[in-house]
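Visitor: just the structure for this:
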Amino acid sequence: SVMPSIVAITNVSETEYQSFWGGMPQTYESTSCGSGIIVSQDDNYRYVATNNHVVNGANSLTVTFNDESTVSAEVKGTVPSTDLAVIRVALSSIESDTMNNIKVATLGDSDSLKVGNSCIAIGNALGYGQSVTVGYISALNRQVSVSDSESDTSYTADLIQTDAAINPGNSGGALVNMKGELIGMNTAKYVDSTVEGMGYALPISDIQDIINDILAG
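Guide: Below is the predicted model:
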């Protein structure tokens, strides 16, 4: 019931580099992948919430829905200080069969979570398309400093910690409870050869107002 609310996001951007031989800087096209959550719809667009670092610097954005149909998207707004962004897809670009298949996510209450609750992470892991991992809420209000040099994102937030596997491409995807309600946005993992099972999600109760502000902007 949740997967029709989750999308894969492909970001095509240009990266500048200095040639070994000097001269003018050169650019090359790079592609990165992430995830998003359908959070709203109006008469013209469907809106997808994701991490800012997923869409940062994009020359073009592509959204792939649960039925594997692909459409172009554009940025509605971003709040880099909280690593949040909303992108939009024109309804006119979505086929009717796809419209019947996708839906807006059901929001839950992250404030009511307890350590030990079961949870499910859904996202575009490694850019292979939607995948699902299962785990538990390991800790709440875990203050974590997140830094991404590629997108110049740096912030500190109180995050949900989970042992559900979070992999590259999961960023911006959904952490849901066993009722299929959205409780968080997967955003980071702790990477170290001595560490396992420490993924982090922005709590939905903390970010819902920010997302609504972007939508209203």
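
Visitor: ok, residue 77 to residue 7 distance?
Guide: 17 Å (CB to CB, to the nearest Å). For every residue, glycine as well, the C-beta is placed using N, CA and C.

Visitor: what about those two, which has more around it?
Guide: Each of residue 77 and residue 7 has its neighbours counted (other CB atoms under 10 Å); residue 7 has more, 30 against 18.

Visitor: I'd say that one and residue 36 touch.
Guide: Yes. Counting by CB atoms under 8 Å, residue 7 does reach residue 36; the two are 4.7 Å apart.

Visitor: now for these two: what residues contact both?
Guide: 48, 63 (CB atoms under 8 Å, 6 or more residues apart in numbering).

Visitor: can you pull the buried residues of the longest helix along the chain?
Guide: For the chain, the helix with the greatest residue count under DSSP state H is helix 204-216. Buried residues in helix 204-216, counted by 16 or more other CB atoms under 10 Å: 204-208, 210-211, 214-215.

Visitor: neighbours of residue 79, how many?
Guide: 17.

Visitor: bridged to it, which residues?
Guide: residue 84 (DSSP bridges).

Visitor: hey, where'd the helices end up in the chain?
Guide: Under DSSP H, the chain gives helices at 52-55, 96-101, 204-216.

Visitor: could you dump the ones you listed into a markdown table and include distance to residue 70?
Guide: Listed next are the helices of the chain as a markdown table, based on distance: least, CB to CB, whole Å:
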| stretch | distance to residue 70 |
| --- | --- |
| helix 52-55 | 16 |
| helix 96-101 | 10 |
| helix 204-216 | 23 |
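
Visitor: so which of these is nearest residue 122?
Guide: helix 204-216 (13.9 Å; CB to CB).

Visitor: give me the pLDDT value at the residue minimising distance to the centre of the chain.
Guide: In the chain, the residue lying closest to the centroid (CA atoms, centre = their mean) is residue 172, at 0.9 Å. For residue 172, the pLDDT comes out at 96.

Visitor: do the same with the one 3 residues further on
Guide: For residue 175, the pLDDT comes out at 98.

Visitor: run through the bridge partners of it.
Guide: residue 121, residue 184.

Visitor: is it true that it touches residue 118?
Guide: No. Using CB under 8 Å, residue 175 is not in contact with residue 118, being 11.1 Å away.

Visitor: and these two? Which one has more around it.
Guide: Shown here are residue 175 and residue 118; by other CB under 10 Å, residue 175 has more neighbours (33 against 12).

Visitor: on that earlier part again, what is the mean pLDDT for the longest helix of the chain?
Guide: Here the average pLDDT along helix 204-216 is 96.

Visitor: which residue is the nearest non-sequential neighbour of residue 32?
Guide: Leaving aside its chain neighbours, residue 32 sits nearest to residue 11 (4.8 Å; criterion: CB to CB, 6 or more residues apart in numbering).
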